[in-house]
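Chemist: just the structure for this:
(one chain, ligands or ions: 1)
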Amino acid sequence: MSKIMIIGAGGVANVAAHKCAQRPSIFSEIIIATRTVSKALKIKARLDQKYSYNAYTAYLNADNLSEVVELINLHKPALVMNLALPYQDMVVMEACLITGVHYLDTANYEHPKVAKFEYKEQWALHEQFKEKGITALLGSGFDPGSTNAFVAFAAKNYFDEVQELNIVDINSASNGHRFSTNFSPEVNIREVTAPCRHYEDGEFIETPAFSMPSSIRCPDSLGVQTVYRMYHEELESLVLNFPSLKKASFWMSFSEDYLNHLTVIKNLGLDRLEPVEFKGQQIIPLEFLASLLPVPEEAARNTVGETYIAVIIKGLYQGRAREVTLSNRCRHEKAYQETDSQAISYTAGTSAMIGAKQILAGSWNKPGVYNVEQHDPEDFIQDMRTSGLDVDIKIKDA
Ligand code: NDP
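Modeler: Modelled structure (predicted):
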């Protein structure tokens, strides 16, 4: 039985807290520490009501190292999940090193002023985590996270050699807003407007954002979806950990309306991160835009439809070409009914709980800094199936 601290009180934190509260024999106590305490109190009230699970709340600005260290020392959790924003990853990892507690996140570190996702700085802490005897699990959301476990599971069970990887992220949903984002607007817009990078023959190739549309046939009523190639952080660790991969790409669906809005945002410079002066005040255009968009938590209530996230792997098995697709479908309404959050937060928050469970009560308690695919995926996949995330596997042999 372990006490954990969740930093942040957005959609992903809300779902992770629900999922941990459903397993009190593993997660005996939860402290939800965040900047806006009223949001943590809302999560606590839901847990009290649904599970009679008494969580605690605390104020925390996770940009401030001494505050994080002080709060960890006060509550002494066994593991800290950073479910705030990627900007806080390094400070929280540093605090875990100082206090000697395990660390987990769902998105890799990004500098607040430079829109570039890279694992470099987090991986550089590997030896320090090892010496301290604590584990850091990076990117344990759905994508990254469960997608990495899918690749590891397929490589272990269905292939002699994995050669090509395509990750497809479809969100077929509506929430009544012409333009909204599914998680933190600022992080989301930065991610999708960044130049695309895919991996081919030993190097990452950069192309302009949205310059490579394609279509994919999805199961049942999802039909044919238009997807665009974009950069996503799991590609960086997956091509390192599976060096036989010759090509790896990530694809995401966007509606025409969403893309038109994004084009206007870019044309107007509203995605800029450099401050501009407005009536004697410095404002950052992207932060200003984020403040005008629907709050993801509010939009979640009215979201209908589903997510479909698939990992399609091609390679060789016993000398023959093989293609394996591992996928999950998650309905927004069902996710909301259980947790008061939509499917994107649901799939990410559930995967965060599963990652934490592997460290605290499974076999992933290995000192150092690791990505999900570096561990044995069997228990993680099994836990997905028993935690509300179905896993469909299709095998096609040539
Ligand atoms: P939200 O924007 O809904 O929530 C972020 C939360 O973090 C808010 O409660 C916010 O507080 C808090 N926060 C922000 N800055 C600080 C700070 N300095 N100190 C303390 N708390 C802070 O985001 P989501 O819940 O949707 O996403 C959370 C994380 O999960 C993000 O890093 C996102 O990139 C990642 N993610 C990963 C996915 C995956 O599949 N791997 C999928 C979806 C998200 P306040 O209310 O005061 O702003």
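Chemist: show me what contacts the closest residue to the ligand within the stretch 51-200 of the chain?
Modeler: As assessed by C-beta to the nearest ligand atom, the ligand sits closest to G141 within the stretch 51-200 of the chain, at 2.2 Å. To be clear about C-beta, it is placed using only N, CA and C from the backbone, and glycine gets the same treatment. Counting by C-beta atoms under 8 Å, 6 or more residues apart in numbering, G141 touches V12, T106, A107, T347, A348, G349, S351, A352.
Chemist: quick one, phi psi at it?
Modeler: phi -110, psi -150 (degrees, to the nearest 10).
Chemist: can you list which of the contacts of G141 are found in helices?
Modeler: V12, T347, A348, G349, S351, A352 (DSSP state H).
Chemist: I'd like to know which of those are buried.
Modeler: V12, T347, A348, G349, S351, A352 (16 or more other C-beta atoms under 10 Å).
Chemist: would you reformat these as TSV and include pLDDT and distance to the ligand?
Modeler: Shown next, in TSV, are those (pLDDT from 0 to 100; distance: C-beta to the nearest ligand atom, whole Å):
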residue	pLDDT	distance to the ligand
V12	96	4
T347	98	6
A348	98	4
G349	98	8
S351	98	7
A352	98	8
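Chemist: and which of the residues you listed is nearest I4?
Modeler: A352 (10.3 Å; C-beta to C-beta).
Chemist: what residues are up against that closest one?
Modeler: V12, V15, A16, K19, M81, L83, L104, T106, S140, G141, G145.
Chemist: skipping adjacent residues, who's closest to Q374 in space?
Modeler: In space, and not counting its chain neighbours, Q374 is closest to N241: 6.0 Å by C-beta to C-beta, 6 or more residues apart in numbering.
Chemist: count of residues packed around that neighbour?
Modeler: Counted with other C-beta atoms under 10 Å, residues neighbouring N241 total 17.
Chemist: again, but for N267
Modeler: N267, neighbours per other C-beta under 10 Å, totals 9.
Chemist: just confirm it is within a strand.
Modeler: No. Going by DSSP: H, G, I helix; E, B strand; the rest coil, the assignment for N267 is helix, not a strand.
Chemist: so where's the chain uncertain?
Modeler: Within the chain, the stretches with pLDDT under 70 are 115.
Chemist: now do whatever helix or strand L137 lives in: which elements does it pack against?
Modeler: Using DSSP states H and E, L137 falls within strand 135-138. Judged by 3 or more C-beta pairs under 8 Å, 6 or more residues apart in numbering; DSSP states H and E, the packing partners of strand 135-138 are strand 102-105, helix 343-361, strand 368-371.
Chemist: ok, which of those comes nearest K50?
Modeler: Of all these, helix 343-361 comes closest under C-beta to C-beta, at 14.7 Å.
Chemist: ok so, going back, excluding sequence neighbours, find me the nearest residue to the residue of the stretch 51-200 of the chain closest to the ligand.
Modeler: Closest residue in space to G141, ignoring its immediate chain neighbours: T106 at 3.2 Å, by C-beta to C-beta, 6+ apart.
Chemist: helices or strands up against the helix or strand containing S214?
Modeler: Per DSSP H and E: S214 is located in strand 213-217. Using 3+ C-beta pairs under 8 Å, 6+ apart as the contact test, the elements touching strand 213-217 are strand 224-230.
Chemist: let's see the strand it packs on as PDB, backbone CA atoms only.
Modeler: Output of strand 224-230 as PDB, limited to C-alpha atoms (Å, rounded to 0.1, in the frame of the first residue of the first chain):
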ATOM      1  CA  VAL A 224     -12.400   6.400 -43.600                       C
ATOM      2  CA  GLN A 225     -10.600   9.200 -41.700                       C
ATOM      3  CA  THR A 226      -8.300  11.900 -43.000                       C
ATOM      4  CA  VAL A 227      -5.100  11.900 -41.000                       C
ATOM      5  CA  TYR A 228      -2.000  14.200 -41.100                       C
ATOM      6  CA  ARG A 229       1.600  13.200 -40.400                       C
ATOM      7  CA  MET A 230       3.000  15.000 -37.400                       C
END
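Chemist: so what's N302 up against?
Modeler: N175, G176.
Chemist: ok, which of the helices and strands packed on strand 135-138 comes nearest S172?
Modeler: helix 343-361 (10.2 Å).
Chemist: and the gap between the closest residue in space to Y51 that isn't next to it in sequence and the ligand?
Modeler: If the residues on either side of it in the chain are set aside, Y51 comes closest to A21, at 4.7 Å by C-beta to C-beta, 6+ apart. Distance of A21 to the ligand, computed by C-beta to the nearest ligand atom, to the nearest Å: 17 Å.
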